[in-house]
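Student: Generate a structure from the sequence data that follows.
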Amino acid sequence: MTLACPAIDGVELLSAYRPGLSSVFASPSGTLLAEGAEAEVSGGVHGMLPDQVEAMLTGAGPGARAVVGAIPFAPDAPARLVLPRLLRRGTAPPAGAAVPTARPAPARAGGAPPCDDDGYLEAVARAVRDIRAGRYTKVVLARALRLAAPGFDPAPVVRALAAGASGSYTFGIDVGGGQTLFGASPELLVARRGRYAVAHPLAGSAPRSTDPAEDAHRAAALLSSAKDRHEHAFVSEAVADGLRPFCRALRVPVEPTLTATPTMWHLGSRITGEITDPDVSALRLATALHPTPAVCGSPPGAARRAIAELEPFDRGFYAGMVGWCDAAGDGEWAVTIRCATAGPEGLRVYAGAGIVTGSDPHAELTETTAKLGTMLAALGPADRALTTRGA
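Tutor: Coordinates of the predicted model:
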C-alpha cells in the first residue's frame, strides 16, 4: 500500500534522494520523493495512458496516492510512470538552500564522434528554407551532447539544481534500464489544483550576460523582438487552444512577459482557467497539450517529420514531460528541457531552439550553446570546448 507522509522539509527529501532507488520532483509548490514501485504504467501518451493511470489510482483517498515519472517526446514511445510504495511530500526547496551534497566527478568527452557546429547550422538553414517554402511554420531543432562519466551519480547535480534554479521544476526520475533522467526545467506544461488549471508556455529566448547593463539590454531586446514574439505566439495560442475544450473563463495574456533562468531569458505567458469537468486530471490535460510548438513545431505532424529528418539522434525523454498526478486529479507536469540522462553508457545532455522564418543559424547555435550551459555548469565537465560541440 502506498503511504503519504505529512509534509516535511523539501531539503530533507532532496537529501534522501537515491538514483535507481527513488525519484524526486521539486517545484515552487512542493517536493515529492517516490520510493520503490508498487505498480507501473508504460503506455504511449496518445494511447490509453490517462485511463490506465486513473484506473490504477481508483479507490485511493484524495491526495493519498500519486504516480510520478516521465513521458517521452514520441507519442508511441513507452512512458515510465510509477505508483511508489512510499510517497513523501515536502515543502519547496528555498532558493540557495544548503543541501548536503558532494561535487560530482567531472564528465569528459566520449561516446560517438562529435558532430561539428556546421551540422547544426545546416539543419537550421534547411529548416528556414522549408518554412519559406511553406512546408511548415515552425520546427524545434535540438542538439545532444554525449559525455563519458563512469560511475556518475546524478544526485548531487539534482540537489544543486534545486537549490540554484529558483522557480524551476527540478527532477531526478528513474526511467528504467539503469537510466536516470534529471534536470531543472523552467517551463510548466500544465498544473491542476482543484478546479483550476495553469500553464506557463515559454518560447523566444536570449542568452543572459554576467554584465548587468548588457543583461538588461538583452532582456529588453528579447521583449521587443518581432521574431521571438512571433515564435512565442505559436506556442501560447496552441496551449490556449489545447486547454479551451476543458476550461471555462480561460485567461490568456495579450502580451508575453520575461522569465529568467540563471543562463537564459525567455518570453512566457501564464494561462489560467477553471476546469469544466472535475474528472479531468492533470495528466489528461498534459497529454492533450503534448507536444506543444515549444518543443515540436507547427503544424505538429510536419514538424515531427522534419525533426526526424534533421536531428541525428533519438530524443527519448527529452522534450517530453515529467511530473506527477494524484488520485484527486491534481498534479504538475513540466516540459522536459534543460535536462540530461545518465546511465551505464555515460551522459547525454540536450538543448533545442525554435526555428521560424526569421531565424538565423548562428543565433540559434548560440542559443542552444547557452541552454546546454545550464547542465554543463552543474556537471562540471573538464573540457569547456564541449559547450560548442554536439554529438
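Student: which of the residues in the host helix or strand of Val11 are buried?
Tutor: In this structure, Val11 is located in helix 10-16 according to DSSP states H and E. Buried positions in helix 10-16, judged by neighbour count with 16 or more other Cβ atoms under 10 Å: 10-14, 16. Where you see a C-beta, it was placed from the backbone N, CA and C, and this is true even at glycine.
Student: Chain neighbours aside, what residue packs nearest to Arg251?
Tutor: Nearest residue to Arg251 in three dimensions, chain neighbours excluded: Thr272, at 5.0 Å (Cβ to Cβ, 6 or more residues apart in numbering).
Student: What's opposite the residue lying closest to Gly177 once chain neighbours are set aside in the beta bridge?
Tutor: Of all residues not flanking Gly177 in the chain, Gly343 sits nearest, at 6.9 Å (Cβ to Cβ, 6+ apart). Gly343 forms beta bridges with Gly346, as assigned by DSSP bridges.
Student: Check the gap between Gly343 and Pro278 for me.
Tutor: 40 Å (Cβ to Cβ, to the nearest Å).
Student: now swap in Phe246 and tell me
Tutor: Distance, Phe246 to Pro278, by Cβ to Cβ: 11 Å.
Student: for Ser27, same thing?
Tutor: Distance, Ser27 to Pro278, by Cβ to Cβ: 23 Å.
Student: Ala55 sits in which helix or strand?
Tutor: If you go by DSSP H and E, Ala55 is part of helix 49-57.
Student: For that helix, buried residues please.
Tutor: Applying 16+ other Cβ under 10 Å to helix 49-57 flags 49-50, 52-54, 56-57 as buried.
Student: next SSE after it?
Tutor: Defined by DSSP H and E, the subsequent element after helix 49-57 is strand 66-71.
Student: Show the average pLDDT along that following strand.
Tutor: Across strand 66-71, the average pLDDT comes to 95.
Student: Give me the sheet partners of the helix or strand just after that strand and which way each runs.
Tutor: Later in the chain than strand 66-71, the nearest helix or strand by DSSP H and E is strand 80-83. With DSSP bridges as the test, strand 80-83 is paired with strand 39-41 (antiparallel), strand 66-71 (antiparallel).
Student: Of those strands, flag the one that's most buried.
Tutor: strand 66-71 (a mean of 28; mean count of other Cβ atoms under 10 Å).
Student: quick one: it to helix 49-57, angle?
Tutor: If you take axes from the mean of the first three to the mean of the last three Cα atoms, to 10 degrees, strand 66-71 sits at 150 degrees to helix 49-57.
Student: outside of strand 66-71, which residues touch it?
Tutor: For strand 66-71, contacts defined as Cβ atoms under 8 Å, 6 or more residues apart in numbering pick out 23, 25, 32, 34, 41, 45, 49, 53, 56-57, 79-84, 87, 171, 173, 175, 181, 283, 286-287, 290, 317, 320-327, 331, 336.
Student: Nearest residue to Leu57 in space, please, no chain neighbours.
Tutor: Leu57 sits nearest to Ala327 (Cβ to Cβ, 6+ apart), 4.3 Å away.
Student: The one you found: neighbour count?
Tutor: Neighbourhood size, Ala327 [other Cβ atoms under 10 Å]: 22.
Student: doesn't Arg65 make contact with it?
Tutor: Yes: with contact defined as Cβ atoms under 8 Å, Ala327 reaches Arg65; the gap is 4.7 Å.
Student: hey, what's in contact with both of those two?
Tutor: Residues touching both Ala327 and Arg65 (Cβ under 8 Å, 6+ apart): Leu57.
Student: before we move on, back to that, so can I have JSON lines of the buried residues of helix 49-57 showing pLDDT and distance to Pro75?
Tutor: Formatted as JSON lines, those follow (pLDDT from 0 to 100; distance: Cβ to Cβ, whole Å):
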{"residue": "Leu49", "pLDDT": "84", "distance to Pro75": "10"}
{"residue": "Pro50", "pLDDT": "85", "distance to Pro75": "13"}
{"residue": "Gln52", "pLDDT": "85", "distance to Pro75": "15"}
{"residue": "Val53", "pLDDT": "88", "distance to Pro75": "16"}
{"residue": "Glu54", "pLDDT": "84", "distance to Pro75": "19"}
{"residue": "Met56", "pLDDT": "84", "distance to Pro75": "21"}
{"residue": "Leu57", "pLDDT": "85", "distance to Pro75": "22"}
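Student: biggest separation within the residues you listed, which pair?
Tutor: Farthest-apart pair in these is Leu49 and Leu57; separation 12.7 Å (Cβ to Cβ).
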